[in-house]
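Student: how would this look folded up:
(one chain, ligands or ions: 1)
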Amino acid sequence: MAEERNLIQHRHKLYLAPLKGFTDHVFRNVFSEHFGGFDVAVAPFISSKSDTKIKRNYVKDVLPENNTGMPVIPQILSKTAEDFVFLANYLYDIGYKAVNWNLGCPFPMVAKKRRGSGMLPHTDMILEFLDTAVPALKGTMSIKIRLGWKSPDELFRLIPSLNQYDIDELMIHPRTGLQRYSGTTDLDSFEHCLEMTELPIVYNGDIRNYEDFIRLSERFNHINRWMIGRWCIANPFLPATIKSGQNHHQEKIEMLKQFHTELFQQYRIMLDGPSHLLNKMKGIWRYFSLPFDEFKKTMKRIKKSTSPDQYLDLVNQFFDNEAKWEQ
Ligand SMILES: Cc1cc2nc3c(=O)[nH]c(=O)nc-3n(C[C@H](O)[C@H](O)[C@H](O)COP(=O)(O)O)c2cc1C
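Tutor: As a prediction, the model looks like this:
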């Protein structure tokens, strides 16, 4: 039985989800060096522009030389097919055969301009976009999508038409845009999408631990593509555990400490000045601190640190003297 499960798990392909502000190239490289488990990452979105010139710095996060850890699929946020194609073809020329279109972003600033999940009520706009974009791409595209802006009916309405396009895969986060990241994922609606679609599907949402993965992979046993975002920051061992079927890492706290130190050092080189570095590192603790719920006081002290050196001292003291890993 265990052997059987192992074989099955090798069949699974794991995707690192795009998390703007978190899973940039530094994170992706350091993560793959320290923990592994992911087969590919979708990079946080780059907005398309109507300029006809793209500066390398604009796509710095996905420049191949900055991405040594794992294969990457760049993601584009756009509602204008021509601009999308221009950026996608630029990315093709620097080495990316496939790009991903963001139809999931729920943030009001994005959605009210009919971008991201704000485009989902407008089936005709999406189909017009695809009619122009798909034939004009030098490479191929996939789509990351939610169930809808307001209601899963939006995706139910769209899927029969999506089946007609040459799209690599559809990554579905089964929430609506209005839900953002709260409330539960709607697995019944996800299942209904599965029944309707002819495209390869990637499941994404709330795979918080190994048990969640087993439960989902048993329910959706035709799926072998899974995407994990926030929960691989909260538990960086998760993808490798899913891949191997074993939770066999020994020195977990030491591994987390080394991962943290490396991130800190790399961001110190990349970011401009101590306050950017401090903000970046404190931001990561939004998810990194989740397994350490009982250490609220220490987490508060880390959050209140005022210089990178003080911050690093506090974090290292925490890992050396307090931290316990129970998962
Ligand atoms: C802070 C944050 C930033 C995100 N940035 C992006 C993004 O750039 N592109 C995208 O398609 N989704 C983005 N997402 C959504 C995630 O990729 C993912 O769909 C969502 O977090 C659900 O997966 P999870 O439960 O495994 O985290 C973001 C989510 C969060 C919380």
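
Student: and the host helix or strand of Glu195, which residues are buried?
Tutor: In this assignment (DSSP states H and E), Glu195 forms part of helix 187-196. Residues of helix 187-196 classed as buried by neighbour count (16 or more other C-beta atoms under 10 Å): Leu187, Ser189, Phe190, His192, Cys193. Backbone N, C-alpha and C define where each C-beta goes, glycine included.

Student: And what about Leu278, helix, strand or coil?
Tutor: Counting by DSSP: H, G, I helix; E, B strand; the rest coil, the backbone at Leu278 sits in helix.

Student: ok, now Phe84?
Tutor: Classified using three-state DSSP, Phe84 is helix.

Student: what do you get for the one 5 residues further on?
Tutor: Asn89 carries the three-state label helix when classified by three-state DSSP.

Student: Who are the contact partners of the nearest residue to it once chain neighbours are set aside?
Tutor: Sequence neighbours aside, Lys138 is the residue nearest to Asn89 in space, at 4.9 Å (criterion: C-beta to C-beta, 6 or more residues apart in numbering). Lys138 is in contact with Ala88, Asn89, Tyr92, Asp93, counting by C-beta atoms under 8 Å, 6 or more residues apart in numbering.

Student: close enough to count as contact, the second one and Leu137?
Tutor: Yes - with contacts counted by C-beta atoms under 8 Å, Asn89 reaches Leu137, the gap being 6.8 Å.

Student: Now the common contact residues for these two.
Tutor: Common contacts of Asn89 and Leu137 (C-beta under 8 Å, 6+ apart): none found.

Student: got a list of what Trp101 touches?
Tutor: Trp101 sits next to Gln75, Ile76, Ser78, Phe84, Ala133, Met141, Ser142, Ile143, Lys144 when contact means C-beta under 8 Å, 6+ apart.

Student: Excluding chain neighbours, give the residue nearest to the one residue in the chain that gets nearest to the ligand in space.
Tutor: Here the residue of the chain nearest the ligand is Gly229; by C-beta to the nearest ligand atom that distance is 2.9 Å. Excluding its sequence neighbours, the residue lying closest to Gly229 (C-beta to C-beta, 6+ apart) is Ala17, at 3.2 Å.

Student: so where's the protein uncertain?
Tutor: 1-10 (pLDDT under 70).
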